[in-house]
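>>> Here is my input; please provide its structure:
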Amino acid sequence: MIPQPPSFILASASPRRAELLRAAGYRFRVLASPVDEPRRRPRDIPLDLWPTALAFIKAYGVAQMHPRATVLGADTIVLLDGKVLGKPRHRSDARAMLQRLSGRRHEVITGLALICRGAVGGTEDGTVRLSRAVSICRIRKLRPAWLETYLDTGLWRGKAGSYGIQDHDDPWVKLIRGEFSNVVGLPLELLAHELTSLLETIF
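You can find the predicted model right below:
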């Protein structure tokens, strides 16, 4: 049975995260964070912890407005050769990312932040759970004609690394290690564990 907070908010505008939560049986509201994400990562935050920091920023912005709710923030990055492949700005950007990923292994890291400020047992600043999930994927060697056909679909828009592992029946993205849902954008197994721990602590 999944853990179910009395009032649960997803601090993300990602339709994929909302779909994953809904399919898993969670009851929640969606409220995009009013806080603008930093454009640059501070040097004192390691690259692999940056998604968790961004997830906290998103969750905190919503938690300030809804102190009685449990708020979930999440952020996903794709790492290749120690560099972040973010969301593509346009088709050419997506093509370049996928060409770099072609035939290569890479990491998909999702940071999670759960904040509950007003629950019984929480401190004045609230109870916070920070975590991250790491998955290893490999994209097969992409033929130019196939790549252009994929770009024509527009499915690359708004996705870190310019792809969605869930977008095609054709298994051109292979999950080698980790949660499949993490690669989609929200590690459900990790979330259930963290929510259970949080709710046992404060309720």
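>>> Quick one, grab the pLDDT at Ala24.
On pLDDT, Ala24 comes in at 96.
>>> let me redo that: Asp75
Here the pLDDT value assigned to Asp75 is 94.
>>> ok so Val35 is a strand residue?
No: looking at Val35 with DSSP: H, G, I helix; E, B strand; the rest coil, it is coil, so not inside a strand.
>>> distance of the spatially closest residue to it that is not a sequence neighbour from Ala113?
Excluding the flanking residues, the one nearest Val35 by CB to CB, 6 or more residues apart in numbering is Gly61, at 3.5 Å. Where C-beta positions appear, they are placed from N, C-alpha and C, glycine not excepted. Separation of Gly61 from Ala113 (CB to CB, to the nearest Å): 11 Å.
>>> And Leu175, by the same measure?
Taking CB to CB as the measure, Leu175 falls 24 Å from Ala113.
>>> before we move on, what about Val35?
Note on Val35: its distance to Ala113, by CB to CB, is 12 Å.
>>> and what of Ala24?
From Ala24 over to Ala113 (counting by CB to CB), the distance is 18 Å.
>>> Please apply the same query to Val134.
Between Val134 and Ala113 the computed distance is 16 Å (CB to CB).
>>> Who has more neighbours out of the two?
Just comparing Val134 and Ala113: by other CB atoms under 10 Å the higher neighbour count belongs to Ala113, 27 against 16.
>>> Am I right that the more buried one falls within a strand?
Yes: assessed with three-state DSSP, Ala113 lies in a strand.
>>> Confirm for me that it is in contact with Val62.
No: with contacts counted by CB atoms under 8 Å, Ala113 stays clear of Val62, the gap being 10.4 Å.
>>> Which neighbours do these two have in common?
Common contact partners of Ala113 and Val62 (CB atoms under 8 Å, 6 or more residues apart in numbering): Gly73.
>>> how close does Arg22 get to Leu112?
17 Å.
>>> out of these two, which sits in the more crowded spot?
Between Arg22 and Leu112, Leu112 has the larger neighbour count (other CB under 10 Å), namely 25 against 13.
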